[in-house]
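Chemist: One predicted model, sequence on top.
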Amino acid sequence: MDHGRLAMEAVRRWLVDISAWNPSEHRFQSLLSLLPPQQQPQVTRFVKLEDRKRALVSRLLQYSLLTHVFRIPFHKIIILHTTQGKPYLPQMETTLQYLNNFMPYFTPFEWDNIVHAGPSNNMLTEFYRYWCLKEAYVKAIGAGLGFGLNRLEFHHNNWTDIYLCIDGIRSDNWRFFIFELENNHLACVAKGHPKEAIESYQVTLTMDSFDEEEYLHAVEFPEPGFISLVVDQLVIQS
């Protein structure tokens, strides 16, 4: 892996103009709450509003950059400071070091595709796609992650025409669909015959036998996309 190239890809230069930014007290406190508790006094210690704004934006800039480059949520970011107040990051896992924890769950074919997908973000996306497919299958058959994810190997054509091999044998009874959602999230749908569900799940199904035409119609039927809702839309008003 070319670490020099990856380092250059992580370079960002952002400027934030706060001269016309006049947040309400509620908005200011809301943004302040995004920072870890130990960081907040470093903002509120200033008396003048302009100084407090600079201190807040300076810290938000650091956290936002780390989230943007490394995909680390705000609440998981750790920023340390030298005795002179200079910020620095503690030793962090590289993307490959993080992914190595999951290597036993993939076949050599899948793992090779993941680690050779390109820059860190590409490797993570490739990893999430494979993981999403494996999770969709074991959930569809009613099994848990203890099923043995390395028994499953997925093949695809640019992430379409996806098919599954189980213990090295191709299964043509399943169809898989990957959806790219907002904020870099993925969703996978696995469709197969109920007879392939584990026994404890099959007994809960009200219908587990179909003629061939019914089965093919259901499994080949085009998958609709996802509709994004807010929480309040889940409550039906009478």
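Modeler: Here it is on my side, so go on.
Chemist: Skipping adjacent residues, who's closest to Phe154 in space?
Modeler: Distance criterion CB to CB, 6 or more residues apart in numbering; nearest residue to Phe154, sequence neighbours excluded, is Leu133 at 5.0 Å. Where C-beta positions appear, they are placed from N, C-alpha and C, glycine not excepted.
Chemist: Could you tell me the phi and psi values at that neighbour?
Modeler: In terms of degrees, to the nearest 10, the main-chain angles of Leu133 are phi -70, psi -40.
Chemist: for the chain, which spans come out with low pLDDT?
Modeler: Per-residue confidence of the chain (counting by pLDDT under 70) places the weak regions at 1-10, 91-93, 207-210, 237-238.
Chemist: what about 50?
Modeler: Residue ranges of the chain with pLDDT under 50: 1-4, 6-7.
Chemist: most centrally placed residue in it?
Modeler: Geometric centre of the chain, nearest residue: His185, 5.0 Å, by CA atoms, centre = their mean.
Chemist: Look up phi and psi at that one.
Modeler: Dihedral angles of His185 (phi, psi; degrees, to the nearest 10) stand at phi -90, psi 150.
Chemist: and the gap between it and Val57?
Modeler: Using CB to CB, to the nearest Å, His185 is found at 28 Å from Val57.
Chemist: just checking, Val16 touches Arg59?
Modeler: No - the criterion here is CB atoms under 8 Å, and Val16 misses it with Arg59 at 11.5 Å.
Chemist: of these two, who's got more company?
Modeler: Arg59 (21 against 11; other CB atoms under 10 Å).
Chemist: tell me the domain boundaries of this structure?
Modeler: Taking automatic domain parsing as the reference, the chain has its domains at 3-88, 95-223.
Chemist: any idea how far the shortest one is from the chain center?
Modeler: Centroid separation for domain 3-88 versus its chain: 23 Å, with CA atoms, centre = their mean, to the nearest Å.
Chemist: same thing with the last one?
Modeler: Taking the mean C-alpha point of domain 95-223 and that of its whole chain, the gap between them comes to 16 Å (CA atoms, centre = their mean).
Chemist: what's the span of that domain, first residue to last?
Modeler: Terminal residues of domain 95-223 lie 33 Å apart, using CA to CA, to the nearest Å.
Chemist: Repeat that for stretch 157-168.
Modeler: Taking CA to CA, stretch 157-168 runs 18 Å from one end to the other.
Chemist: again, but for stretch 15-23
Modeler: Per CA to CA, stretch 15-23 runs 18 Å from first to last residue.
Chemist: Quick check: the gap between the nearest residue to Glu182 once chain neighbours are set aside and Asn183.
Modeler: Using CB to CB, 6+ apart and skipping the chain neighbours, the partner closest in space to Glu182 is Ser228 (7.0 Å). As defined by CB to CB, Ser228 lies at a distance of 11 Å from Asn183.
Chemist: Ok, Phe102 next?
Modeler: Distance from Phe102 to Asn183, counting by CB to CB: 22 Å.
Chemist: between those two, which one's more packed in?
Modeler: Counted by other CB under 10 Å, Phe102 and Asn183 do not tie: Phe102 has more neighbours, with 14 against 4.
Chemist: Okay, the more buried one and Thr95: tell me how far apart.
Modeler: Per CB to CB, Phe102 is found 12 Å from Thr95.
Chemist: Could you give the number of residues near Arg12?
Modeler: If you count neighbours by other CB under 10 Å, Arg12 ends up with 10.
Chemist: Quick check: the gap between it and Val219.
Modeler: Arg12 is 45 Å from Val219, where distance means CB to CB.
Chemist: Burial check on Lys134, number of neighbours?
Modeler: Using other CB under 10 Å, Lys134 is surrounded by 25 other residues.
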